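Colleague: pasting the sequence and the predicted coordinates here, then a few questions.
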Amino acid sequence: MALRHKSAQKRHRQSLKRRMKNRSMKSTIKTFTKKAVEATVAGADTSLELQRRAESLLDKAAKGSTMHKNTVARRKSRLAKRLNKERAALEQKSTTAAAD
């Protein structure tokens, strides 16, 4: 930490606050992403709502410069791809079981 300059001390305090806020936001994003995947695998009705919530949090992170917009776009794309794959597998499984 800077010792001599008041402005440097203030900037350091500000950076610590920003760091805590950013870490909290990223943790929340990871939590909702994981919940969305788990709900989709389980076939829960809330999976779409959880996906929307995760994507909304990602958009807010990009807006507030917690994450870069391209990083957010990539994560949203990967999340949608993964959830669609899980939903398709779940639907195929249910149609196969119904056919038997």
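Modeller: Happy to help now that I have it.
Colleague: please count neighbours and contacts with C-alpha atoms only from this point.
Modeller: OK.
Colleague: shaky segments in this structure?
Modeller: Scanning the chain for pLDDT under 70 picks out the ranges 100.
Colleague: the same query, at a cut-off of 90, please.
Modeller: Filtered on pLDDT under 90, the chain yields the residue ranges 1-3, 43-44, 91, 93-100.
Colleague: find the centremost residue of it, please.
Modeller: In the chain, the C-alpha closest to the average C-alpha coordinate belongs to residue 29, at a distance of 3.2 Å (CA atoms, centre = their mean).
Colleague: show me the contacts for residue 44.
Modeller: By CA atoms under 8 Å, 6 or more residues apart in numbering, residue 44 lies in contact with nothing.
Colleague: tell me how far it lies from residue 90.
Modeller: Going from residue 44 to residue 90 by CA to CA, to the nearest Å gives 11 Å.
Colleague: next one: residue 3
Modeller: In terms of CA to CA, residue 3 sits 59 Å off from residue 90.
Colleague: which one of these two is surrounded by more residues?
Modeller: A side-by-side neighbour count of residue 3 and residue 90, using other CA atoms under 10 Å, places residue 90 first with 16 against 7.
Colleague: what helix or strand is that one on?
Modeller: helix 69-99 (DSSP states H and E).
Colleague: from the contact counts, what lies against that helix?
Modeller: helix 6-42, helix 47-63 (3 or more CA pairs under 8 Å, 6 or more residues apart in numbering; DSSP states H and E).
Colleague: contacts only, for residue 22.
Modeller: Counted by CA under 8 Å, 6+ apart, residue 22 has contacts residue 66.
Colleague: for residue 76, see how far away the residue lying closest to residue 62 once chain neighbours are set aside is.
Modeller: Leaving aside its sequence neighbours, residue 62 sits nearest to residue 69 (CA to CA, 6 or more residues apart in numbering; 5.0 Å). To residue 76, residue 69 is 11 Å away according to CA to CA.
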